[in-house]
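Visitor: What follows is a predicted protein model with its sequence.
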Amino acid sequence: MSGRTPFGVIEALRFENDPEGHICRLRKHYTQALPFYFMLVYLPKGSLDSKWKQYKQKVSGIGFKAHWRAGKKGEIVEDIIDPVIPEDMRVGKNAIGDRITLYHILVKTEF
């Protein structure tokens with residue numbers, strides 16, 4: 001796809017990993033701001049709801065203004081509630097500044 005600009009990128013990590021490091025690395029590797037970023041987080045053990053709450057708290061502490069030159073610290077992850085989302089998954093999003101949306105997908109896994 002030479003010559004084409006991607007419109008989004010996906011980063012995957014296990015829940016135990018540092019979401020801030022992964023989220024900031026996304027922006028570092030894609031210096032041109034893309035409209036969509038996706039964080040796919042695998043949860044091998046633990047309560048899905050309590051871990052989702054914990055993940056959202058971690059993300060709200062990220063200084064997006066410093067790392068991305070957009071948004072601010074304390075960006076809120078808004079839950080996406082939809083009947084088509086499986087029960088072993090939580091999905092949310094937050095706006096980073098005016099033009100960037102960061103989606104978060106937490107998936108309960110068996111591995």
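Guide: Received it, and whenever you're ready, just let me know what you need. Predicted, not measured: the structure shown is a model, and the values here were computed from it.
Visitor: buried set for the helix ranked longest in the chain?
Guide: With secondary structure taken from DSSP state H, the chain has its longest helix at helix 48-60. Neighbour counts over helix 48-60 (16 or more other CB atoms under 10 Å) mark 51-52, 55-56, 59 as buried. C-beta: built from backbone N, CA, C; applies to glycine.
Visitor: what is the mean pLDDT for it?
Guide: Averaging pLDDT along helix 48-60 gives 94.
Visitor: so how far is that helix off the chain centroid?
Guide: 11 Å (CA atoms, centre = their mean, to the nearest Å).
Visitor: list the buried ones in the helix or strand that that helix is followed by?
Guide: Counting by DSSP states H and E, the element after helix 48-60 in chain order, helix or strand, is helix 64-68. The neighbour-count check on helix 64-68 (16+ other CB under 10 Å) flags 64, 67-68 as buried.
Visitor: Check which element follows helix 64-68 along the chain.
Guide: Heading C-terminal from helix 64-68, the first helix or strand you meet, by DSSP H and E, is strand 78-79.
Visitor: Could you list the low-confidence segments of this protein?
Guide: Where the chain drops to pLDDT under 70, the residues are 1-3, 5, 30-32, 111.
Visitor: wouldn't Leu43 be in contact with Thr109 here?
Guide: Yes: the pair Leu43 / Thr109 is scored as a contact, 6.4 Å apart, by CB atoms under 8 Å.
Visitor: Tell me which of those two has more neighbours.
Guide: Counted by other CB atoms under 10 Å, Leu43 and Thr109 do not tie: Leu43 has more neighbours, with 20 against 12.
Visitor: Against His22, how distant is the spatially closest residue to that one that is not a sequence neighbour?
Guide: Among residues not flanking Leu43 along the chain, Phe15 sits closest, at 4.6 Å (CB to CB, 6 or more residues apart in numbering). Plainly put, Phe15 is 11 Å away from His22 if you go by CB to CB, to the nearest Å.
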